[in-house]
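Visitor: Please find the sequence and the predicted model below.
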Amino acid sequence: MIAKSLKRLGALCVALGLLTTCLPSTVAAQSKPQLQLTTEILEQSYCSIGRDTSLQLRLKLRYTNLSDQRLIVYNGHDLFFQTKIRAGDVPSGTPSAEVLLLNMRYFDEELERLDARSPGRVFAKLAPGASFERELITGAGVAEDAAASSDTTVRPGPHTLQLIVSTWYQSAKLAERLRQQWQREGLLWSQPLYSVPLKFTVEKPPITPPCR
């Protein structure tokens, strides 16, 4: 159990280390090809834990190849991401109350083979203009007023949701080796992605069922 936890924590640190420290420089350096990430809210629900209210969002993530060459993108069961929820309908770059949550979906029970002669079933091959989709669930606490709010809660009203999603959780050295090895089948994408900001509204219902 300890070994699994350390493995999970190590992978999370690698992925989120890329998200928080490497993203501006690496994305700027690789302006092409482009991989776009958009989100869609499939379900927005609320539940209660004691006196606290929780917002849950079931999201559809769509990865679209906007480049002129084939891309190889990880599409396995391990997913590391940050959820950023900004309060108010404000322009990009404007200071505003913001919730930042670190999340991961990680399964130790099923081994995924990444290092292979060719991309396996855990990778999607995207021709120019093609896309693939996956779902995830995220959320935050809901505060009724400013006094009860914190850096992990949102208040009722308009908000903007943005995800920062990793596409690679192994070493940069392995990614570069596989990129060279698989170059005839496409370009292995290993940089984290910022999703296109999505506007939504938090509307706390008067009665919420208990969280399951």
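Guide: Thanks, I have the structure now. Here the structure is a predicted model, which means the values were calculated and not measured. Numbers count the residues shown, from 1 in each chain.
Visitor: can you list the weak-confidence ranges in this protein?
Guide: When residues are selected by pLDDT under 70, those of the chain lie in 1-33, 89-97, 104-110, 145-150.
Visitor: all strands of it, in order?
Guide: Assigned by DSSP state E, the chain shows strands spanning 35-49, 52-65, 71-74, 79-87, 98-105, 123-126, 131-142, 153-154, 157-165, 187-188, 193-194, 198-202.
Visitor: Buried residues of stretch 69-77, list them for me.
Guide: With burial defined by 16 or more other CB atoms under 10 Å, the residues of stretch 69-77 counted as buried are 70, 71, 72, 73, 74, 75, 76. Where you see a C-beta, it was placed from the backbone N, CA and C, and this is true even at glycine.
Visitor: Closest to residue 120 out of those?
Guide: Sorting the buried residues of stretch 69-77 by distance to residue 120 puts residue 76 at the head of the list, at 9.1 Å, by CB to CB.
Visitor: who touches that closest one in this structure?
Guide: 112, 122, 123 (CB atoms under 8 Å, 6 or more residues apart in numbering).
Visitor: Export these to CSV and append columns for distance to residue 37.
Guide: Converted to CSV, the contacts of residue 76 look like this (distance: CB to CB, whole Å):
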residue, distance to residue 37
112, 21
122, 18
123, 16
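Visitor: Which among those count as buried?
Guide: Buried by 16+ other CB under 10 Å: residue 123, out of those.
Visitor: between the strands of the chain, which gets nearest to residue 180?
Guide: Distances from residue 180 to each of the strands of the chain were compared using CB to CB; the minimum, 9.0 Å, belongs to strand 187-188.
Visitor: Can you give the contact residues for that closest one?
Guide: With CB under 8 Å, 6+ apart as the contact definition, strand 187-188 has outside contacts at 33, 69, 70, 71, 72, 119, 175, 178, 179, 182.
Visitor: please redo it, this time with the cut-off set to 6 Å
Guide: For strand 187-188, contacts defined as CB atoms under 6 Å, 6 or more residues apart in numbering pick out 71, 72, 178, 179, 182.
Visitor: ok, so of those, who is nearest residue 139?
Guide: In terms of CB to CB, no member of these lies closer to residue 139 than residue 71, at 30.0 Å.
Visitor: Alright, calling it a day.
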